[in-house]
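Enquirer: Okay, structure incoming, though there's no sequence with it:
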């Protein structure tokens, strides 16, 4: 295969993967990413960030060698002490507001939560002041964006762990990652699906909301993952219409294909939850389609119904991270770890309705 053909093949792969992973959009024109409150200038680190126990801080970070400006929302736990850290990667077309329902729940549970806004695949997708929507989409679908998002997460983690002030808030032994849609793909790569070069061994547990694999072959690469992994999907988490004005593009895969990631994971630490009457955009964790419709829905678009799903996902994901990011000194023997797995299964089951589905390898 010639170099140009290789690039084209990689782009087709990314397009195929994104066909099942478009995330929620901000409403109207692209929302400007907020700064940390220090002159709105990008920073190479967290030097000017002040912690707000129980609150949040927004900041730009710059990865100059890669030319990336990364938005970050830090949700601080209420108590200033070494705490488990969760990195959250949003879906395409969204940024810091994505997943706000469960990110806030994790914060209340005592986690330090960092939500990323990845350049070119965040709200800027909808900003047509300087480039057309089709041009923005072409840039977002470029094959380079997939590994670039993974590198964004690794860069953020590098900076956070070596910053003298921020590192005091982080227990480096308890780091998790989660993401929706394109963010789920990002997480899958971070924990090993994309090979050793993108895997980050500092991550100890992961959640994929609307996980995806373009083929059984790509799903099979999840067999390299060796950590607690929760897949969350829904009975209607399939294809979705991606809408911009008169443009309407049908994207996605059949619902059954969302389960491939779970099926390919090694037995023992994998869990899958499928929620009844939840579609792809149920897992946005934020209000969508107001005032502008960006996505089709395959379930009735009712605030109360969406919030019920968000509450369930918040409870399920919080319990998963609480069980899987246990401090080593509290984990005990191998036997107690197995009992914790049974307790986790029961805790997840307790949050489900009669028509929801839970898969695990535990008896």
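Expert: Right, received. Where do you want to start? Keep in mind that this is a model prediction, so the values were computed, not measured.

Enquirer: And residue 178, which helix or strand is it part of?
Expert: Per DSSP states H and E, residue 178 falls inside strand 170-180.

Enquirer: same for that strand, what does it pack against?
Expert: Helices and strands touching strand 170-180, by 3 or more C-beta pairs under 8 Å, 6 or more residues apart in numbering; DSSP states H and E, are strand 83-89, helix 145-162, helix 182-190, strand 205-209, helix 303-324. (Glycine included, C-beta is placed from N, CA and C.)

Enquirer: What is the longest one packed up against?
Expert: Which is helix 303-324. Under the contact definition 3+ C-beta pairs under 8 Å, 6+ apart, helix 303-324 sits against helix 100-108, strand 170-180, strand 205-209, strand 229-236, strand 270-279, helix 334-350.

Enquirer: quick one: it to strand 229-236, angle?
Expert: Orientation check (axes from the mean of the first three to the mean of the last three C-alpha atoms, to 10 degrees): helix 303-324 against strand 229-236 gives 160 degrees.

Enquirer: right, so the helices and strands packed on helix 303-324: which one is the most enclosed?
Expert: strand 205-209 (a mean of 28; mean count of other C-beta atoms under 10 Å).

Enquirer: so what strands line up beside that strand?
Expert: Partner strands and pairing direction for strand 205-209 (DSSP bridges) are strand 170-180 (parallel), strand 229-236 (parallel).

Enquirer: Outside of that strand itself, list whatever touches it.
Expert: 99, 176-181, 183-184, 187-188, 190-191, 225, 227-233, 261, 283, 313, 317, 320-321, 324-325 (C-beta atoms under 8 Å, 6 or more residues apart in numbering).

Enquirer: ok, now with 6 Å
Expert: Strand 205-209 has contacts (C-beta atoms under 6 Å, 6 or more residues apart in numbering) with 176-178, 180, 184, 187, 191, 227-232, 283, 317, 324-325.

Enquirer: I'd like to check what contacts the helix or strand that it is followed by. Which residues are they?
Expert: Once the chain leaves strand 205-209, the next helix or strand it forms, by DSSP H and E, is helix 216-220. If you take C-beta under 6 Å, 6+ apart as the criterion, helix 216-220 is touched by 213, 260, 261, 264.

Enquirer: Distance to residue 344 added to those residues, as TSV?
Expert: Putting those into TSV (distance: C-beta to C-beta, whole Å) gives the following:
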residue	distance to residue 344
213	24
260	23
261	19
264	21
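
Enquirer: can you tell me which of those lies nearest to residue 53?
Expert: residue 261 (36.0 Å; C-beta to C-beta).

Enquirer: need the contact list for the spatially closest residue to the closest one that is not a sequence neighbour.
Expert: Once flanking residues are discounted, residue 261 sits nearest to residue 211: 4.0 Å by C-beta to C-beta, 6 or more residues apart in numbering. Applying C-beta under 6 Å, 6+ apart to residue 211 gives the contacts 184, 231, 261.

Enquirer: So the second one versus residue 191, what's the distance?
Expert: With distances defined as C-beta to C-beta, to the nearest Å, the gap from residue 231 to residue 191 amounts to 12 Å.

Enquirer: Over to the first one?
Expert: When distance is defined by C-beta to C-beta, residue 184 is 11 Å away from residue 191.

Enquirer: Kindly report the same for residue 137.
Expert: Noted for residue 137: a distance of 28 Å to residue 191, by C-beta to C-beta.

Enquirer: Looking at these two, which one has more neighbours?
Expert: residue 191 (24 against 20; other C-beta atoms under 10 Å).

Enquirer: Who are the contact partners of that one?
Expert: 203, 206, 225.

Enquirer: Let me know the pLDDT of the closest residue to the last one other than its chain neighbours.
Expert: On the basis of C-beta to C-beta, 6+ apart, the spatially nearest residue to residue 225 that is not a chain neighbour turns out to be residue 192, at 4.5 Å. For residue 192, the pLDDT comes out at 96.
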